[in-house]
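K.L.:
Structure, please.
(2 chains)
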2 protein chains.
Amino acid sequence: MSEQQHIHDIIPEPALRRLPWYLAYVSMLREQKVEFVSSTQISRELKVDASQIAKDLSFLNIKGKTRIGYEVASLEKELEDFLGFRRGHNALIVGVGSLGAALIQDTGLSRYGLNIVAGFDVNPNIVGRTLCGIPVFDVKELALRRKQFSADIGIVTVPVEKAQEVADNLVEAGVKALWNYTPYRIRVADNIVVQNTSIYAHLAVMYNRLNLHKDQ
Amino acid sequence: MSEQQHIHDIIPEPALRRLPWYLAYVSMLREQKVEFVSSTQISRELKVDASQIAKDLSFLNIKGKTRIGYEVASLEKELEDFLGFRRGHNALIVGVGSLGAALIQDTGLSRYGLNIVAGFDVNPNIVGRTLCGIPVFDVKELALRRKQFSADIGIVTVPVEKAQEVADNLVEAGVKALWNYTPYRIRVADNIVVQNTSIYAHLAVMYNRLNLHKDQ
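P.N.:
Numbers count the residues shown, from 1 in each chain, chains lettered A, B, ... in the order given. Reported below is the predicted structural model:
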């Protein structure tokens, strides 16, 4: 019975993926000094069913008022809290090549709670340097530095043929989640979280749809 | 009837999203000088059902041989062709802030057929500069430069409150596809392709799963 209840509390992934849309919209409203927003209004703006929005927001610790809706500032705060954007998460990044260096430079990530605290590479021209204040170490120091920085998350931005090896090393070093930017399907134990963000796969989908439109 | 056939040729998006996984694996095999690969082998490595793989690959212009499987080099080439990675696509990027600059610096994109040919911003400190050889123009020049570079794709890396306006400007300037990196749900006409890549939404999913594991 208690297990049943626990399952009920878990937000389904599609709902979780919609919450950042609501947050983006609500933050915009807050900047425009709007005080209240209804699910009908969010629905009209984001083209998501209003009842779906109400259901998604029911996972949060907030209640809308009849006719008035949700208080914008509270909704923004609750969304940020729920999404984990207000808590800092330390992350290591392995592979300080083109994409890795780009992510280190993206200050947007820290606004969403991700602090990249150290980079790792095998290239002697990169190891020992500092990028936007982030030190780059030799991959051999992974376990040592993981502990030092108490990082839970490992970002994988290495060439595809190194993806599995680096993932294994990160897990062995003690990270609990992997953010995999390679198109390789990393395999890990069940207790390790893997989030795949293959921007190149998104490119393929975009090219394909673009060609379909041209054929018409 | 001919329309029916046309519909049959359209690859479903989940299949399209799996193809880059196969490509990544096959490229790795090619580098390891492996000559043939079977769907059973791909299945074991990537944990995708073998019959699913055969079905996905049936959209390509390639046939596997009984018992031997697919020729690695041909499969790699066909996958790259099909995914559009071997054809150059010119893209404009609007918003040369932290993330925009990072994408311009990511040489990986050009390996997957995306050439960022120009950046646009409103910030006078950035406009007129060159980043990794890519010129940054004032957003007012969008229409003019779109034509000059014959770019089909517009990348949106502006703050969320500017996303819709920039999307509208890009479409008006003549791009056919938008690659939206903001968490904002851009609305466009049906003949315009929108690909959303919200890396911050992926962060939220990762944080959430990480917490669930900790609770256990």
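K.L.:
can you pull out the helices in chain A?
P.N.:
A:2-9, A:13-31, A:39-46, A:50-57, A:72-83, A:98-105, A:108-111, A:142-149, A:163-173, A:199-215 (DSSP state H).
K.L.:
Show residues contacting the last one.
P.N.:
Pointing back at helix A:199-215 there. Helix A:199-215 has contacts (C-beta atoms under 8 Å, 6 or more residues apart in numbering or on different chains) with A:181, A:183, B:6, B:10-11, B:13, B:16-17, B:19-21, B:83-85, B:87, B:89, B:108-109, B:112-114, B:152-153, B:176-177, B:179, B:191, B:193, B:195, B:197. Heads up, the C-betas are built off the backbone N, CA and C, glycines and all.
K.L.:
can you put the helices of chain A in TSV and add mean neighbour count and mean pLDDT?
P.N.:
As requested, the helices of chain A are exported to TSV (neighbours: other C-beta atoms under 10 Å in any protein chain shown; pLDDT from 0 to 100):
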stretch	mean neighbour count	mean pLDDT
helix A:2-9	8	45
helix A:13-31	20	91
helix A:39-46	17	91
helix A:50-57	17	93
helix A:72-83	19	95
helix A:98-105	22	88
helix A:108-111	16	86
helix A:142-149	16	96
helix A:163-173	20	97
helix A:199-215	18	85
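K.L.:
Would you format those helices as a markdown table with distance to B:Ala167 included?
P.N.:
A markdown table is the format used below for the helices of chain A (distance: least, C-beta to C-beta, whole Å):
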| stretch | distance to B:Ala167 |
| --- | --- |
| helix A:2-9 | 36 |
| helix A:13-31 | 14 |
| helix A:39-46 | 14 |
| helix A:50-57 | 22 |
| helix A:72-83 | 23 |
| helix A:98-105 | 23 |
| helix A:108-111 | 19 |
| helix A:142-149 | 38 |
| helix A:163-173 | 33 |
| helix A:199-215 | 14 |
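K.L.:
To B:Ser38, which of the ones you listed lies closest?
P.N.:
B:Ser38 lies closest to helix A:163-173 among those, at 20.1 Å (C-beta to C-beta).
K.L.:
name the helices or strands packed onto that closest one?
P.N.:
Helix A:163-173 sits against strand A:89-94, helix A:142-149, strand A:153-156, strand A:177-180, with contacts defined as 3 or more C-beta pairs under 8 Å, 6 or more residues apart in numbering or on different chains; DSSP states H and E.
K.L.:
Nearest to chain B, out of those?
P.N.:
strand A:177-180 (4.9 Å; C-beta to the nearest C-beta).
K.L.:
Sheet partners, orientation included, of the closest one?
P.N.:
Strand pairing for strand A:177-180, using DSSP bridges, gives strand A:153-156 (parallel), strand A:193-196 (parallel).
K.L.:
Give me the helices and strands touching the lengthiest strand in chain A, please.
P.N.:
Longest strand in chain A by number of residues, with DSSP state E as the criterion: strand A:114-121. When contacts are defined as 3+ C-beta pairs under 8 Å, 6+ apart, strand A:114-121 sits against strand A:89-94, helix A:98-105, helix A:108-111, strand A:134-138, helix A:142-149.
K.L.:
Could you list the residues in contact with that strand?
P.N.:
By C-beta under 8 Å, 6+ apart, the residues outside strand A:114-121 that reach it are A:88-97, A:100, A:103-104, A:109-110, A:126-127, A:131, A:134-139, A:141-142, A:145, A:149, A:151, A:153, A:155, B:203.
K.L.:
A:Leu23: what's it in contact with?
P.N.:
Contact analysis of A:Leu23 by C-beta under 8 Å, 6+ apart lists A:76, A:79-80, A:83, A:85, B:183.
K.L.:
Adding distance to A:Val160, write those residues out as CSV.
P.N.:
Listed next are the contacts of A:Leu23 as CSV, based on distance: C-beta to C-beta, whole Å:
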residue, distance to A:Val160
A:Glu76, 38
A:Leu79, 35
A:Glu80, 34
A:Leu83, 30
A:Phe85, 30
B:Pro183, 28
